[in-house]
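J.: Quick one, fold the following:
(2 chains)
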Amino acid sequence: MAMEKSRPLWDNPLQFVFACISYAVGLGNVWRFPYLCQMYGGGGFLIPYLIMLIAEGMPLLYLELAVGQRMRQGSIGAWKIISPYLCGVGVASVVVSFFLSMYYNVINAWAFWYLFHSFQDPLPWATCPLNSNRTGYVEECEKTSSTQYFWYRQTLNISPSLEASGSVQWEQALCLTLAWLVVYLCILRGTASTGKVVYVTASLPYCVLIIYLIRGLTLHGAVNGLVYMFTPKLEQLSNPKTWISAATQIFFSLGLGFGSLIAFASYNEPSNNCQRHAIIVSLINSTTSIFASIVTFSIYGFKATFNYESCINKVILLLLNAFDLEEGSLTADNLNEMKDYLMTTYPQEYAQLAPQIKNCSLEAELDTAVQGTGLAFIVYSEAIKNMEVPQLYSVLYFFMLLMLGIGSMLGNTAAILTPLTDSKVIASRFPKEVISGVVCFMNCIIGLIFTMEAGNYWFDIFNDYAATLSLLLIVLVETIAVCYIYGIRRFEKDLYTMIGRKPNWNVAIPSMGCHTGAAGDQGLPRLCPGCDRAAGGSIHHVHTPGSTSDFYKEETEEGTSFNCCMKADSWTWEDLTLVTSDWALLEDSSNHYL
Amino acid sequence: MLRALLFTLSVVAIAHAELCKPEAQNAFKVRISIKTALGDNAYAWDANEEYLFKAMVAFAMRRYSSKSTTQISNVLLCNVTDRVSFWFVVTDSSKNVTTVPGSEVEAAIRMNRNRINNAFLLSDKTLQFLKITSTLSPPVEPSTPVWLIVFGVVLCLIVAGIVFLVVSGIQKHKKKNKESTERENLEEKDEVTLENGIPCEALDLKAGHINGVFAADDERFTSL
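T.: Modelled structure (predicted):
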């Protein structure tokens, strides 16, 4: 009478949707999409972006969710079911997720660091620290800016090259440990704890983004940034890099190929409407990208205008001091005329000054495109320090970064842990908490590499190479596996079984090969001759704790019903009416479980 | 008499002009930005303000050298421009034609910089003594860095949460184990007495009604 543990489920479909949103909406939406928008034509970039979303993002997302929901296993188990030779795809997903979780949590550590330092007045990155005899500022800081100094020297303490590893920075190591403890707390109980946490991690960033939108749009000079962003430069559409960037952004933004979506979907009820959820999640992800880029560009505009005006003021001060003119005689408006006047009146002194007089240009300030950690930690903090009540905005912003990062981490760790807890070898010996703890601990120890002085170089290496080409390959094999090896017709049928109607389009990236592959599927023997559904039938899922199979009672429009049983590991329909001769007994047994 | 007076005055004036001129020895340039500092409340720079400035410099010299010999007339101003910037020099009262060494003046000004700034409602940036670097005030640093305090609070909360979850998980696990072992023990005693998954001993015999037909007597077999 041993009780077999049934698969834990999400409490309601909303938790699943929130988990997917929390995973997909991550730091890339905030710091990569605005950069791409700026580089590839501003408002015009939205055209290839939306085309790629519909052509590539939604189908692939649907594919992964459907595979996970149908196979009800993590990535290794799911691909093993499709074909035993394909469990390598699952293993590859787990390895890539492991690489990602190693370095991704370092970003959360940095967010924690900045968050903790936001509780001071003035903000530590607002001014340079004083040098030893207190006559001026530290030289390194004078040459760059105070925000860059804080990031490169006081946060990272970066060494000159990769070879000079330096020592582990204890402050960063502490923050990394804290970040891993937070992740462990969230995944400790599996879906029970994760399901509650994703309510917060999915919704809080939107609150902060709205606050920032309102604050950003009311900042002086924000309009400059928005105009700059949304003016479409349609000639960029002819650049193939634009389309490639749109495709890769959609691809990586949704987090395909890591196995996280399969893991999340495997905790779903089999009758969950994953098609609707796939559309919702991909639309929300893209909308958030656009929304975040509006906020980012108003901040850009504010920062560029501030820098431009500072530059102009510096030039004015320089001229006033050099020629001893009255204060207020030089303003931003008459600067050019006065410069010409001074050039003609005092040619020698002006020639001496000429190298120091910079040509201030708003365009040049707006053109400085930044992405990645540079945007998040340097540009934003520079903009924040110039706002009123900077501590409040700083806390809000870095808290939002933290929520985004932790939401993505939950998905990554789910991708690693779900196959581990599914495998009977490991799961029977150790409880879930111990497995999660071991994984978190190992990742934390390895992550200490990124807290060394050369850690940021290692971070860049991992960021650029760990998860790029391998993911594309994994998803390609996934698509081929589902289309050819599993069979597109069979998959369509399973989807129909789960969600009650045929999918609106074929689940595949636009490749006609899948259609030809489906033609080859006709030869496979039908496992369940009587299993063709009548249109409009409703399926009731009866879940029995303690059995390895799920009972389904289906009632068709004609009023007849027949029961089918699906085994968890083979997902075949067995028409029990053929097996049991006694119809009454069948009815009775089905009622027993209802 | 009048001629002698005029002569001394002109000599003094020329001497002053010699002592106080741009780039003279021991002379310092001062640059004042009143409009930047005070905006609408800016006052105009006139002869009275110059008098105050001379007084402040004399005060600084007196405080520094602690011999009350420097007079306001010892401080010479020249080349006042619209910017408002000018040069000044401090003459030695004992010897009329020489100036106090620049290092002394610099030290005196540095010592009393705060007082001089406050007299004019200005700051180090808006009342600049070129060549005299100001000592910047260090930022207020608490004994424990603020970030460590916040870090400690968050760390304690997270660890408390983890410990709570882990301990409650272990307790639930133990309870489940105890229940299942109890059930197993119950079942192992007598396999026969399992009916529909319910052990017979667990049935409440009082609620049942013994059917007399079947359990009337203890005889299992009918008598021959």
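J.: How about the residues of chain B by chain A?
T.: Residues of chain B found near chain A (C-beta under 8 Å from any C-beta of the partner chain) are B:31, B:33-36, B:81-85, B:133-136, B:138-139, B:146-148, B:150-151, B:154-155, B:158-159, B:161-162, B:165-166, B:169, B:173, B:180, B:183-184, B:187, B:197. (Glycine included, C-beta is placed from N, CA and C.)
J.: Any chance of a ChimeraX selection covering the buried ones in the residues you listed?
T.: Under the burial definition 16 or more other C-beta atoms under 10 Å in any protein chain shown, those of the residues of chain B next to chain A that qualify are selected in ChimeraX by:
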select /B:31,33,34,35,36,83,84,85,134,146,147,150,151,154,158,161,162,165,166
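J.: Show me the residues of chain B next to chain A that map onto strands.
T.: B:31, B:85 (DSSP state E).
J.: May I ask which helix or strand of chain B has the lowest mean pLDDT?
T.: Here the helix or strand of chain B ranked lowest by mean pLDDT, DSSP states H and E is strand B:194-195, holding a mean of 62.
J.: if we can go back for a sec, just the ones of the residues of chain B next to chain A in helices?
T.: B:34-36, B:146-148, B:150-151, B:154-155, B:158-159, B:161-162, B:165-166, B:169, B:173, B:180, B:183-184, B:187 (DSSP state H).
J.: so where's the chain shaky on pLDDT?
T.: I'll assume chain A. By pLDDT under 70, the weakly predicted segments of chain A are A:1-5, A:501-594.
J.: try again with chain B
T.: Residues of chain B meeting the criterion pLDDT under 70: B:11-17, B:67-68, B:95-96, B:139-140, B:188-195, B:197-210, B:212, B:214-224.
J.: is it true that residue A:282 touches residue A:56?
T.: No. Residue A:282 is beyond contact range of residue A:56, at 9.9 Å (criterion: C-beta atoms under 8 Å).
J.: Neighbour count: those two, which is higher?
T.: The neighbour count for residue A:282 versus residue A:56, taken as other C-beta atoms under 10 Å in any protein chain shown, is higher for residue A:282 (24 against 21).
J.: Okay, buried residues for the helix or strand residue A:498 falls within please.
T.: Secondary structure assigned from DSSP states H and E places residue A:498 in helix A:488-499. Neighbour-count burial for helix A:488-499, counted by 16+ other C-beta under 10 Å, picks out A:488, A:490, A:491, A:492, A:493, A:494, A:495, A:497, A:498, A:499.
J.: which one among these gets closest to residue A:326?
T.: Residue A:326 lies nearest to residue A:499 out of those, by C-beta to C-beta, at 77.5 Å.
J.: So residue A:306 sits against residue A:221, correct?
T.: Yes. Using C-beta under 8 Å, residue A:306 is in contact with residue A:221, at 6.7 Å.
J.: which residues in the stretch 401-550 of chain A form helices?
T.: A:424-429, A:432-447, A:455-465, A:469-480, A:488-499, A:513-520 (DSSP state H, counting those that start in this stretch).
J.: closest one to chain B among the ones you listed?
T.: helix A:432-447 (5.9 Å; C-beta to the nearest C-beta).
J.: before we move on, the earlier item: which strands and helices lie in contact with the helix holding residue A:498?
T.: helix A:58-71, helix A:274-323, helix A:513-520 (3 or more C-beta pairs under 8 Å, 6 or more residues apart in numbering or on different chains; DSSP states H and E).
J.: If you count neighbours, what's buried in the host helix or strand of residue A:17?
T.: Assigned by DSSP H and E, residue A:17 belongs to helix A:13-24. Neighbour-count burial for helix A:13-24, counted by 16+ other C-beta under 10 Å, picks out A:15, A:16, A:17, A:18, A:19, A:20, A:21, A:22, A:23, A:24.
J.: Ok, stretch A:421-436 next?
T.: A:421, A:422, A:432, A:433, A:435, A:436.
J.: Identify the spatial nearest neighbour of the first one, chain neighbours not counted.
T.: What sits nearest to residue A:421 in space, not counting adjacent residues and going by C-beta to C-beta, 6 or more residues apart in numbering or on different chains, is residue A:427, at 5.0 Å.
J.: unless I'm mixing things up, that neighbour is touching residue A:420, no?
T.: Yes. Between residue A:427 and residue A:420 there is a contact under C-beta under 8 Å: 7.3 Å.
J.: what do the two both touch?
T.: Counting by C-beta atoms under 8 Å, 6 or more residues apart in numbering or on different chains, the shared contacts of residue A:427 and residue A:420 are residue A:435.
J.: Select, out of the helices of the stretch 401-550 of chain A, the one closest to residue B:123.
T.: Checking these against residue B:123 by C-beta to C-beta gives helix A:455-465 as the closest, at 38.1 Å.
J.: For that closest one, name the packing helices and strands.
T.: Applying 3+ C-beta pairs under 8 Å, 6+ apart, we find helix A:455-465 packed against helix A:87-116.
J.: got the buried residues for the following helix or strand past the helix it packs on?
T.: Using DSSP H and E, the helix or strand that follows helix A:87-116 towards the C-terminus is helix A:139-143. Within helix A:139-143, the residues scored as buried using 16+ other C-beta under 10 Å are residue A:141.
J.: that older thread, between the helices and strands packed on helix A:488-499, which one is nearest to residue A:386?
T.: Per C-beta to C-beta, nearest to residue A:386 of these: helix A:274-323, 5.7 Å.
J.: Report the distance from the closest one to the chain centre.
T.: Its chain's average C-alpha position is 20 Å from that of helix A:274-323, according to C-alpha atoms, centre = their mean, to the nearest Å.
J.: Stretch B:167-174 now?
T.: 46 Å.
J.: Contacts made by it with the rest, please.
T.: Against stretch B:167-174 from outside (C-beta under 8 Å, 6+ apart): A:188, A:189, A:431, A:433.
J.: Pull the contacting residues for the residue of chain A positioned farthest from its centre.
T.: What lies farthest from the middle of chain A is residue A:345; by C-alpha atoms, centre = their mean that is 59.6 Å. Contact criterion C-beta under 8 Å, 6+ apart gives no residues in contact with residue A:345.
J.: Try it again at 10 Å.
T.: By C-beta atoms under 10 Å, 6 or more residues apart in numbering or on different chains, the residues touching residue A:345 are residue A:323.
J.: Next one: the nearest residue to residue A:284 once chain neighbours are set aside from residue A:131, what distance?
T.: Among residues not flanking residue A:284 along the chain, residue A:21 sits closest, at 5.5 Å (C-beta to C-beta, 6+ apart). Using C-beta to C-beta, to the nearest Å, one obtains 48 Å as the distance from residue A:21 to residue A:131.
J.: Next: residue B:1.
T.: Distance from residue B:1 to residue A:131, by C-beta to C-beta: 61 Å.
J.: do residue B:107 as well
T.: 20 Å.
J.: Likewise for residue A:451?
T.: On the measure of C-beta to C-beta, residue A:451 and residue A:131 end up 27 Å apart.
J.: How about residue A:144?
T.: As judged by C-beta to C-beta, residue A:144 and residue A:131 stand 15 Å apart.
J.: What's the local residue count around the closest residue in space to residue A:180 that isn't next to it in sequence?
T.: Using C-beta to C-beta, 6+ apart and skipping the chain neighbours, the partner closest in space to residue A:180 is residue A:444 (4.3 Å). Counted with other C-beta under 10 Å, residues neighbouring residue A:444 total 19.
J.: Unless I'm misreading it, residue A:303 sits right up against residue A:362, doesn't it?
T.: No. Using C-beta atoms under 10 Å, residue A:303 is not in contact with residue A:362; the gap is 11.2 Å.
J.: Give me the common contacts of the two.
T.: Jointly contacting residue A:303 and residue A:362 under the rule C-beta under 10 Å, 6+ apart are residue A:221.
J.: Which one of the two is surrounded by more residues?
T.: Remark: of residue A:303 and residue A:362, residue A:303 carries more neighbours, 23 against 18, as counted by other C-beta under 10 Å.
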